[in-house]
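A.B. asks: For reference, the sequence and a predicted model appear below.
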Amino acid sequence: MQVAAQVDDVSFSHSGADTPALEHLSLSVPAGEIVALLGPSGAGKTTCLTLLDGRLRDWQGRVSIFGNPLDPDCPPPKAHRPTTGFVFQEFALVERATVLRNVLNGRLGRMSPLRAFLGLPTSYDLQVAQSALGDCGIADLARRRVDSLSGGQRQRVAIARCLAQEPQLILADEPVSSLDPTRAAEILTLLTEAARARGATVLFSSHQPELARRFAQRIVGMRDGGIAFDVPATELSDDATTELYRGAVQIPANGLRAVI
Ligand SMILES: Nc1ncnc2c1ncn2[C@@H]1O[C@H](COP(=O)(O)OP(=O)(O)OP(=O)(O)O)[C@@H](O)[C@H]1O
C-alpha cells in the first residue's frame, strides 16, 4: 500500500506563539484515501495542512509525501512541488485575471521555466486546464474575470486550478466554509469525485461534521495540536464530535488512538 502522507511525531510552534500549534502529531494517509480533519478553532488543522504542503519551517519530527522526506529547513525540491496541490480557504486567485488564466496558473510548476516566465501554455497545458474547468462545471466561465464571480464560482475556480496542477495529494483548507449548505455539498462532491477519477488523495479541513461524514472515508479529530480520534467516517458518533468541540476528548499519548 502506497502512503501519500506520513507524519511522525511532529511538533511545531509558530514564532511568537505561547503554545505549540502541533504537538507530537503522527498521521499516516494511504494513497487514494479521502480524509477530513475536524476540530475547534486553533486545533492545528491549517498548520497540519501547511506542513504537508511543505510551507512550514523549523518543525521537529519526520514527514514524507509519497516517500519523499520533507526538510524542516527548506521548501521541497521544485520537481516534487506539483505533487501536492492546495485549495485555500480564501481562494487566493488573481482577481483581475480570467478564470482560464487562473486555472493555467496551476500548470506553472509543470511548465519549463521559460514558458512559465512568459505565461505560454502548451496545447497539453490548455487541454488539462479545459478538463479541470469542465470537471468543476465552469467551462462556460473561462473568459470571465474572477472579480465578477460569486463565492461558489470562485471556489470552483480555485479547485480547477488545483486539479490543473495534476496533484497526487490535494490539501483543502475549509474549502466550503463560506458557502451555503447546498453549494457546500456541490463543491465537496466535485472535489471528491474529481480526486477519485484521478486517483488522488484528499485531506480537507472542516467545521461541519455532517459534511465530513458524507464526503470523507476517514475522520481525524484534532485538538490542541494533536489527534483526539481517528476513525472511519461510518463510525464517527455525534457524541464524539460534540465532545471534540467541547474540549472533553483527551489527547492520547503519542502513537495511541482514542477509543470512541
Ligand atoms: N501565523 C501565526 N502566528 C502565531 N500563531 C499562529 C499562527 N497561525 C496559527 N497560529 C496558532 O497556532 C494554533 C493552530 O492554529 P491553526 O490555524 O492551525 O488552527 P485551525 O484548527 O486551522 O483553526 P481554524 O479552524 O480556526 O482555522 C492556534 O493556537 C493559532 O493561534
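C.D. replies: Arrived safely. Numbering: from 1, shown residues only.

A.B. asks: all helices of the stretch 51-200 of the chain, in order?
C.D. replies: 99-105, 113-118, 123-135, 151-164, 181-198 (DSSP state H, counting those that start in this stretch).

A.B. asks: which one of these lies closest to the ligand?
C.D. replies: helix 181-198 (15.5 Å; CB to the nearest ligand atom). (Each C-beta comes from the backbone N, C-alpha and C, glycine too.)

A.B. asks: helices or strands up against the closest one?
C.D. replies: Helices and strands touching helix 181-198, by 3 or more CB pairs under 8 Å, 6 or more residues apart in numbering; DSSP states H and E, are strand 34-38, helix 123-135, helix 151-164, strand 169-172, strand 201-206, helix 209-215.

A.B. asks: Please dump the ones you listed into JSON lines; it should also carry mean neighbour count, mean pLDDT and distance to the ligand for every row.
C.D. replies: Formatted as JSON lines, the helices and strands packed on helix 181-198 follow (neighbours: other CB atoms under 10 Å; pLDDT from 0 to 100; distance: least, CB to the nearest ligand atom, whole Å):
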{"stretch": "strand 34-38", "mean neighbour count": "25", "mean pLDDT": "97", "distance to the ligand": "8"}
{"stretch": "helix 123-135", "mean neighbour count": "17", "mean pLDDT": "92", "distance to the ligand": "26"}
{"stretch": "helix 151-164", "mean neighbour count": "25", "mean pLDDT": "91", "distance to the ligand": "16"}
{"stretch": "strand 169-172", "mean neighbour count": "25", "mean pLDDT": "96", "distance to the ligand": "12"}
{"stretch": "strand 201-206", "mean neighbour count": "26", "mean pLDDT": "96", "distance to the ligand": "6"}
{"stretch": "helix 209-215", "mean neighbour count": "19", "mean pLDDT": "94", "distance to the ligand": "13"}
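
A.B. asks: Which of the ones you listed sits closest to residue 84?
C.D. replies: Judged by CB to CB, the one of those that comes nearest to residue 84 is strand 169-172, at 4.8 Å.

A.B. asks: Packing partners of that closest one?
C.D. replies: On a contact count with 3+ CB pairs under 8 Å, 6+ apart, strand 169-172 meets helix 45-52, strand 84-87, helix 151-164, helix 181-198, strand 201-206.

A.B. asks: Show me the one of these that comes nearest residue 30.
C.D. replies: Nearest of those (CB to CB): strand 201-206, 7.6 Å.

A.B. asks: Please tell me how far the closest one is from the chain's geometric centre.
C.D. replies: Distance of strand 201-206 from the chain centroid (CA atoms, centre = their mean, to the nearest Å) equals 5 Å.

A.B. asks: swap in stretch 168-180?
C.D. replies: 6 Å.

A.B. asks: Any chance you could list what contacts it?
C.D. replies: 4-5, 31, 45-46, 49, 52-53, 65-66, 83-89, 151-152, 155, 158-159, 162, 183-184, 187-188, 191, 195, 199-208, 211 (CB atoms under 8 Å, 6 or more residues apart in numbering).
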